[in-house]
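A.B. asks: sequence and computational prediction follow.
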Amino acid sequence: AFEALRMGQPFTIEGLMTIAAIGALLIGAAEEAALVIFLFAVGEVLEGVAAGKARQGIRALANLVPKTALLDVGGQTRTVPADRLEIGQSVLVRPGDRIPADGDIIEGTSGIDESPVTGESVPVTRSVGDRVFAGSINTEAALRIRVTTEPSDNTIARIIRLVEEAEEARAPTERFIDRFSRVYMPAVIALSALVVVVPPLAFGQDWSTWIYRGLALLLIGCPCALVISVPASIASALSSGAKRGLLMKGGAVIEAAAKTTHVAFDKTGTLTRGKPVVTDLIPASGVSEAELLAVAAGVEAGSNHPLAQAILRRAKAAEVSIPAARDARALAGRGVEAIVGETKAWVSSLSHAAEIGGIDAAAVQRATVLEEEGKTVVAVFRAGQPLGLIAIRDEPRDDAAKAVRQLSALGVSATMLTGDNPRTAAAIAENLGIDFRAGMLPEDKLTAIRDLNRQGSVMMIGDGINDAPALKEARVGVAMGSGTDVALETADGAILRDRVTDAPALIRLSRATMGNIRQNVTLALGLKAVFLVTSILGITGLWIAILADTGATVLVTLNALRLLGFDPTKEA
């Protein structure tokens, strides 16, 4: 208390305890003074133990990464500390071993248990070229993995940092309680002083009795339980969410997510699997399928867009020779252009192709039929020379329709925002039972989020890259993706499992947390109100007052810890 006073903070919990203990000694209540200090110390210990449990799950994550790794050099392996691995090195991971670093598989196919990172208990099959995460368990066959991140920056390390930083990001409710406490504590001291002084001076009452009651009031007024009511709940919720692949960047995000009235979904890679396949090749007159595919693959060669990857996979499967391309440039929301051979070529949306003469009337009619089947159609053309159409289909995720139903049950409406054409969007939206807005450029998505925000509180869920402006504009922006840098570091939160049903789960967790906070605040203030009256009336004394305060603190913390066992993925 003295150190706090020196720092200009006279109204602290320790200060109240010191005044109460000294006052009890002055009126001859030495036993009660000792008991007050003892109970306060016990309460501090219990509070620390209880609050520490909320962070144990996060600390345990650090132990999931193995301490050693089998470094592969020229076909020979040797054991090295995992924290000494460098980017580009190759490691051998045997069946049953934990993966020591984030990396890409360069040899082997195996089932990977990614539950430490994503909370997904069912192993997923990973093969050459796939990314794997430190701490995951190799369940079936030996793998060779190329290290792609520093040990100090692997996915689990980033999750731990994210949650620790989130615990420091205070919710508006918490900031309000802090402001309230700064006014509340001087008010309690002033009221205690009035209780001590007024009855003896105004009514001739016994000084010793009213000093004792004033000290009891001082103790019951300690805002310990009130101050810890919000951070304990937030810490428990962050820990519970992290174990299930649901990350939120602090109390402010949890509070905003609890108020969500509308969820806007990106389509590709969010509501759909993000692994589209080429279904139809329709070359123009005089053009072969191989030529159509070769030019399209050349234009898309440097792109990581899901539709581009589908074209490149089809070209590889067809063993088409991909021509060299240069000066490739993405046309936001329209397509890609590049110089293939000696002339410029495009892979673009039908509307953009129609604007610059890249599609004829017959192809438009054929494209309309394909789009009504739920396929995305792109036009491939050179300047003034249509080459043909490529139809691509990206299937909805298995749980997408279920997620929409769960959101509806929570009273939350949902909309799909997509740059795809209206016919394809309508076909997918009809299967999912969701509203949609189609033909949207990135700036259109931003405008749509602004419109929806005027009607309520919007959560936007997207891939974290193409949808960055919309994610930032939404009240809560959530990136969806299995532990990617973008998913962890952009937006306000992340869904690490590729499950659309985790969107309603995030809202359930946030609402449960805010309900828990309200319970805690009611419990803390309710107990104080009861014992405030009994202390003034002389029914309860010093040790009961401190016991009530300590008890309220422990009860509030234990109530917050209930969130550790709350499973937001289960429907109520």
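C.D. replies: Sure thing, it's come through.

A.B. asks: give the buried residues for stretch 83-96.
C.D. replies: Applying a neighbour-count criterion of 16 or more other Cβ atoms under 10 Å, one finds Leu85, Gln89, Ser90, Val91, Leu92, Val93 buried in stretch 83-96. Glycine gets a C-beta too; all of them are placed from N, C-alpha and C.

A.B. asks: for Ser348, state which of these is nearest.
C.D. replies: Ser90 (40.3 Å; Cβ to Cβ).

A.B. asks: from Leu92, how far out is the closest residue to the closest one other than its chain neighbours?
C.D. replies: In space, and not counting its chain neighbours, Ser90 is closest to Asp72: 4.3 Å by Cβ to Cβ, 6 or more residues apart in numbering. Per Cβ to Cβ, to the nearest Å, Asp72 is found 5 Å from Leu92.

A.B. asks: please enumerate the shared neighbours of those two.
C.D. replies: Both Asp72 and Leu92 are contacted by Arg144, under the criterion Cβ atoms under 8 Å, 6 or more residues apart in numbering.

A.B. asks: so what strands line up beside the helix or strand hosting Gly111?
C.D. replies: Per DSSP states H and E, Gly111 falls inside strand 110-113. Using DSSP bridges, strand 110-113 pairs in its sheet with strand 124-126 (antiparallel), strand 137-138 (antiparallel).

A.B. asks: just give me the neighbour total for the closest residue in space to Ala21 that isn't next to it in sequence.
C.D. replies: Nearest non-adjacent residue to Ala21, counting by Cβ to Cβ, 6+ apart: Ala33, 4.6 Å away. Number of residues near Ala33 (other Cβ atoms under 10 Å) recorded here: 21.

A.B. asks: please compute how far stretch 298-307 lies from its chain's middle.
C.D. replies: Here stretch 298-307 shows a centroid-to-chain-centroid distance of 29 Å under the convention Cα atoms, centre = their mean, to the nearest Å.

A.B. asks: now it: mean pLDDT?
C.D. replies: Mean pLDDT, stretch 298-307: 82.

A.B. asks: for stretch 400-420, same thing?
C.D. replies: 93.

A.B. asks: buried residues in that stretch?
C.D. replies: The neighbour-count check on stretch 400-420 (16+ other Cβ under 10 Å) flags 400-404, 406-407, 410, 412-420 as buried.

A.B. asks: what about these, which are in helices?
C.D. replies: Among the buried residues of stretch 400-420, the members falling in helices (DSSP state H) are Ala400, Ala401, Lys402, Ala403, Val404, Gln406, Leu407.

A.B. asks: give the contact list for the fifth one.
C.D. replies: Under the criterion of Cβ under 8 Å, 6+ apart, the contact partners of Val404 comprise Ala414, Leu432, Gly433, Ile434.

A.B. asks: wait, isn't the first one in contact with Arg437?
C.D. replies: No. Ala414 is beyond contact range of Arg437, at 11.8 Å (criterion: Cβ atoms under 8 Å).

A.B. asks: shouldn't Pro568 be within a strand?
C.D. replies: No. Counting by DSSP: H, G, I helix; E, B strand; the rest coil, Pro568 is not found in a strand; it is coil.

A.B. asks: can you tell me the SS state at Val80?
C.D. replies: Secondary structure state of Val80, per three-state DSSP, is strand.

A.B. asks: that one and Met248, how far apart?
C.D. replies: Where Met248 is concerned, Val80 sits at a distance of 36 Å (Cβ to Cβ).

A.B. asks: bridged to Arg326, which residues?
C.D. replies: Assigned bridge partners for Arg326, using DSSP bridges, are Ile339.

A.B. asks: and it, how many neighbours?
C.D. replies: 10.

A.B. asks: and the longest strand along the chain, what's its mean pLDDT?
C.D. replies: The residue-count maximum for a strand in the chain (DSSP state E) belongs to strand 385-393. Averaging pLDDT along strand 385-393 gives 92.

A.B. asks: how far does that strand sit from the chain's center?
C.D. replies: The chain centroid and the centroid of strand 385-393 are separated by 38 Å under Cα atoms, centre = their mean.

A.B. asks: who's in contact with Thr149?
C.D. replies: Residues near Thr149 by Cβ under 8 Å, 6+ apart: Ile87, Ala101, Asp102, Gly103, Thr155.

A.B. asks: closest one to Val476 out of those, please.
C.D. replies: Nearest to Val476 among those: Thr155, at 22.2 Å, using Cβ to Cβ.

A.B. asks: isn't the closest one right up against Val132?
C.D. replies: No. The pair Thr155 / Val132 is not scored as a contact, 9.6 Å apart, by Cβ under 8 Å.

A.B. asks: what is in contact with the two at once?
C.D. replies: Joint contacts of Thr155 and Val132 (Cβ under 8 Å, 6+ apart) are Asp102.

A.B. asks: more crowded one of the two?
C.D. replies: Thr155 (29 against 26).

A.B. asks: could you measure from that one over to Thr343?
C.D. replies: 44 Å.

A.B. asks: so where's this structure uncertain?
C.D. replies: Applying pLDDT under 70 to the chain picks out residues 43, 46-62, 116-122, 163-171, 173-178, 181, 464-466, 482-490, 572.

A.B. asks: domain ranges for it, per the record?
C.D. replies: 2-57+163-231+510-560, 68-151, 235-272+396-502, 277-393 (automatic domain parsing).

A.B. asks: and among the ones you listed, the most buried is which?
C.D. replies: Greatest average neighbour count among these goes to domain 235-272+396-502 (a mean of 21), per mean count of other Cβ atoms under 10 Å.

A.B. asks: gap between the two ends of it?
C.D. replies: From its first residue to its last, domain 235-272+396-502 covers 20 Å (Cα to Cα, to the nearest Å).

A.B. asks: can you offset everything so residue one is 365?
C.D. replies: With 365 as the first residue, the last one maps to domain 599-636+760-866.

A.B. asks: show me where the stretch 565-714 of the chain has helices.
C.D. replies: Counting by DSSP state H, counting those that start in this stretch, the stretch 565-714 of the chain has helices at residues 571-584, 588-607, 615-622, 653-664, 670-681, 714-719.

A.B. asks: show me how far the last one is from its chain's centre.
C.D. replies: On the basis of Cα atoms, centre = their mean, helix 714-719 is displaced by 38 Å from the centre of the chain it belongs to.

A.B. asks: just checking, next helix/strand downstream of that helix?
C.D. replies: helix 725-736.

A.B. asks: torsion angles phi and psi at Ala465?
C.D. replies: Ala465 adopts backbone torsions of phi -160, psi 160, taken as degrees, to the nearest 10.

A.B. asks: separation between it and Gly820?
C.D. replies: Separation of Ala465 from Gly820 (Cβ to Cβ): 43 Å.

A.B. asks: now swap in Val840 and tell me
C.D. replies: 12 Å.

A.B. asks: what residues are shared contacts of those two?
C.D. replies: Thr624.

A.B. asks: got the CA coordinates for stretch 891-901 in CSV?
C.D. replies: Taking Å, rounded to 0.1, in the frame of the first residue of the first chain, the C-alpha atoms of stretch 891-901 are listed here in CSV:
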residue,chain,number,x,y,z
LEU,A,891,-22.9,-9.7,-1.9
LYS,A,892,-21.5,-6.3,-1.3
ALA,A,893,-24.9,-4.8,-1.0
VAL,A,894,-26.1,-7.4,1.5
PHE,A,895,-23.0,-7.2,3.8
LEU,A,896,-22.8,-3.4,3.5
VAL,A,897,-26.2,-3.2,5.2
THR,A,898,-25.4,-5.9,7.8
SER,A,899,-22.0,-4.2,8.6
ILE,A,900,-23.7,-0.8,9.2
LEU,A,901,-26.3,-2.4,11.4
